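Visitor: sequence-free structure coming up:
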């Protein structure tokens, strides 16, 4: 698979949040605190990790998952891009 840029990853995450998580595009951007500000909860985090593992064909170690490190589209896309380019 061709390497995806962090921007491409962020776009795909945003699409997932709108289509599968019920967020409205006008309610968030790449820096919005999705968990801290109450847009998503810890149960949503499980769905997000499952999506990441499926969509980006990667394993997300449990010890690396936290509401803080996955709080924004930008943070998650950085995480995925780092893992994919290691």
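Guide: Yep, it's here. Quick caveat: nothing in here was measured; it's all calculated off a predicted structure. Residues are numbered from 1 along each chain as shown.
Visitor: Can you pull out the low-pLDDT segments for the protein?
Guide: 1-2 (pLDDT under 70).
Visitor: Spatially central residue in it, please.
Guide: Geometric centre of the chain, nearest residue: residue 76, 4.3 Å, by CA atoms, centre = their mean.
Visitor: which ones are touching the closest residue to that residue other than its chain neighbours?
Guide: Excluding the flanking residues, the one nearest residue 76 by CB to CB, 6 or more residues apart in numbering is residue 70, at 5.3 Å. (C-beta placed from N, C-alpha, C; glycine too.) Residues near residue 70 by CB atoms under 8 Å, 6 or more residues apart in numbering: 34-35, 45, 48, 76, 79.
Visitor: Report the contact partners of the spatially closest residue to residue 52 that is not a sequence neighbour.
Guide: Nearest residue to residue 52, sequence neighbours excluded (CB to CB, 6+ apart): residue 60, at 5.6 Å. Counting by CB under 8 Å, 6+ apart, residue 60 makes contact with 49, 52-53, 83.
Visitor: Show the backbone phi and psi for the residue nearest to residue 34 when sequence neighbours are not counted.
Guide: Closest residue to residue 34 apart from its sequence neighbours, by CB to CB, 6+ apart: residue 40 at 4.7 Å. The phi/psi pair for residue 40 (degrees, to the nearest 10) reads phi -130, psi 160.
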